[in-house]
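1. Dropping a prediction and its sequence here:
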Amino acid sequence: MSKRLANYDFDNLLLVGHSNGGDISSWLGNENKPYIKSLITLDHRRVPLPRDTDLKVLSIRASDFPADKGVLPSESAQGNICVVKIPDSRHNDISDYGPDWLKDKINLLVRGYLLEQSCLALKKA
């Protein structure tokens with residue numbers, strides 16, 4: 001792909017995934033691949049977020065189903081991980097078919113994350 005997309009920086013990837021896609025992204029992040037620099041998960045539930053790395057992580061959470069035990073770090077152990085729960089949101093609505101208010105909120109959070117807003121600012125957004 002690097003030949004087809006010559007202007008793309010394949011050494012500095014941001015992975016984004018919803019549900020199982022977020023689990024796969026987290027799994028790759030846990031493998032300490034040097035080309036993965038950042039990760040955004042959208043309500044993944046099975047694979048623990050990477051903790052022993054310089055990888056920056058945003059995990060956007062729906063409010064209808066919890067993640068499995070150990071997937072999300074405790075408040076005190078979050079470090080480079082920002083976990084933002086969206087009240088009144090549903091896992092299955094985190095898609096192109098979800099309500100506009102939820103898509104707008106997710107876009108706001110992703111945009112703020114890309115602009116390197118603090119986790120506290122993202123939680124207040």
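-> Noted; the coordinates are in hand.

2. what about the longest helix in the chain?
-> Identified as the longest helix of the chain according to DSSP state H is helix 100-114.

3. Can you tell me which helices and strands that one packs against?
-> Applying 3 or more C-beta pairs under 8 Å, 6 or more residues apart in numbering; DSSP states H and E, one finds that helix 100-114 contacts strand 36-42, strand 56-61, helix 119-124. Placement of C-beta: from N, CA and C, glycine included.

4. in it, what's buried?
-> 102, 105-106, 109-110, 112-113 (16 or more other C-beta atoms under 10 Å).

5. now swap in stretch 33-40 and tell me
-> Applying 16+ other C-beta under 10 Å to stretch 33-40 flags 36-40 as buried.

6. Tell me the one among those nearest to residue 124.
-> When these are compared for distance to residue 124 (C-beta to C-beta), residue 40 wins out at 18.3 Å.

7. In TSV: the buried residues of stretch 33-40, plus distance to residue 88.
-> What follows is the buried residues of stretch 33-40, written out as TSV (distance: C-beta to C-beta, whole Å):
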residue	distance to residue 88
36	32
37	32
38	27
39	25
40	21
